[in-house]
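*Asks:* Based on what follows, work out the 3D shape:
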Amino acid sequence: MGPNNVENDRGDCDWKPRVRMTFDTEQEAYDFYNTYGGRLGFSIRRGYVNKSKEGQITSRQFVCNKEGFRVVDKRDSLTKNPRQEVRTGCQARLVIKWDKNMQKFFVSDFVEQHNHIFVPTECTHMLPSQRKISASQAIEIDLAEKSGIRLNAAFELMGNEVGGRESHGETVIFGAALMYDETADSFVWLFRRFLETMSSKAPKTIFTDQDAVMAKAIPIVMPNTTHCLCTWNLMQNALRHANSIFKDKAVKDKGMKSVLSTFMYDIEDEEEFTLKWEEMLDKCEVKDNHWLKLTFGVKEKWGLPYVRNT
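*Replies:* Below is the predicted model of the structure:
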């Protein structure tokens, strides 16, 4: 009997949330609801949170990512291609509360109904909350790196574990250039040669590292191409430039990698993105950090609310 058919004594599927269900941690509850969402075809995000004076979470709400409505942005009227409205005011949610006696979280409220259609099974891996590697996979990658196994080899291994490379997105190198110098003029020349090989058809999106010279050259040659920053490269730069300051501050169990990942993959609303960023700067006392200022200045090129529809 498959997992979809497994039922407990109350007649409920063991993968479906129910009131009074308990969890040891907030993350465990998130993962359970996210797995449930993945099975049905919807994405989730964290909603409100209440904490005690000691910092212990006392209650937390998880919502469907189509909850609420996007705040009207006055700049939308000036935008050529305004972002599509993705929220529908969906009321589906899961609320957990901390029980001091049990020392566990329990489900205090569960709203099952959604006001929108679900994503087809073959597309659920593209949902925001599903586009992540698991904690066990992250540990596996870290162990592989410490053992001298190259990163691409570690991903190759995980790909084989879940059905082979055909089950994952591949990177294919179809061209390369060896440059004598990295000036704006050189990149303009390179991009023009690239367009020639592509029959003058420019890509919809181009991902680069945080190279200011390339950023200058791209709009000259490809004005209609959206320029985004490679999140992997951005993360490596974050670890070099800002990780130490987060280790020194009171960010419990979180380094720069965890902090930045939230803005890359979890926060879908522009207003929430800005508020959370300011909150992070205040909490960690890093308002004067030069690298963070520069990175926030180009948030439209890497932050989830700005690039998710690109």
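*Asks:* ok, which stretches of the protein are strands?
*Replies:* Counting by DSSP state E, the segments of the chain that form strands are 22-23, 44-51, 57-64, 93-99, 104-111, 205-208, 226-229.
*Asks:* Could you list the paired strands of the second one along with their orientation?
*Replies:* The pairing partners recorded for strand 44-51 under DSSP bridges are strand 57-64 (antiparallel).
*Asks:* which residues sit against the partner strand?
*Replies:* 26, 29-30, 33, 37, 42-52, 90, 92-98, 105, 108, 114 (CB atoms under 8 Å, 6 or more residues apart in numbering). For every residue, glycine as well, the C-beta is placed using N, CA and C.
*Asks:* Got a quick PyMOL command for the buried subset of these?
*Replies:* To isolate the buried subset of the contacts of strand 57-64 in PyMOL, counting by 16 or more other CB atoms under 10 Å, use the following:
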select buried, resi 26+29+30+33+37+42+43+44+45+90+92+93+94+95+96+98+105+114
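*Asks:* Can you tell me the centre-most residue of the chain?
*Replies:* Nearest to the mean C-alpha position of the chain, by CA atoms, centre = their mean, lies Tyr265 at 1.0 Å.
*Asks:* Kindly report the domain assignment for this protein.
*Replies:* Annotated domains of the chain cover 3-121, 133-172, 176-307 [automatic domain parsing].
*Asks:* Could you identify which of those domains has the lowest mean pLDDT?
*Replies:* Note on the domains of the chain: lowest mean pLDDT is at domain 133-172, with a mean of 61.
*Asks:* For this protein, which segments count as helices?
*Replies:* Secondary structure of the chain (DSSP state H): helices at 26-40, 135-146, 151-161, 184-197, 212-221, 231-241, 243-248, 256-261, 270-284, 290-297, 304-307.
*Asks:* In a markdown table: those helices, plus distance to Phe174.
*Replies:* Listed next are these as a markdown table, based on distance: least, CB to CB, whole Å:
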| stretch | distance to Phe174 |
| --- | --- |
| helix 26-40 | 33 |
| helix 135-146 | 26 |
| helix 151-161 | 17 |
| helix 184-197 | 9 |
| helix 212-221 | 18 |
| helix 231-241 | 19 |
| helix 243-248 | 34 |
| helix 256-261 | 30 |
| helix 270-284 | 34 |
| helix 290-297 | 30 |
| helix 304-307 | 23 |
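*Asks:* Let me know whether Gly303 touches Thr262 as I believe.
*Replies:* No - when contacts are counted by CB atoms under 8 Å, Gly303 is not listed as touching Thr262 (10.5 Å).
*Asks:* When those two are compared, which one has more neighbours?
*Replies:* Legend: neighbour count by other CB atoms under 10 Å for Gly303 and Thr262, higher for Gly303 (23 against 16).
*Asks:* Please report the distance of the more buried one from Thr124.
*Replies:* Distance, Gly303 to Thr124, by CB to CB, to the nearest Å: 23 Å.
*Asks:* Same question for Asn309.
*Replies:* Per CB to CB, Asn309 is found 18 Å from Thr124.
*Asks:* So which of these two has more stuff around it?
*Replies:* Legend: neighbour count by other CB under 10 Å for Asn309 and Thr124, higher for Thr124 (19 against 11).
*Asks:* ok, how many other residues are close to Gln61?
*Replies:* Other residues close to Gln61 by other CB under 10 Å number 17.
*Asks:* what about it, distance to Asn233?
*Replies:* For Gln61, the distance to Asn233 - CB to CB - is 34 Å.
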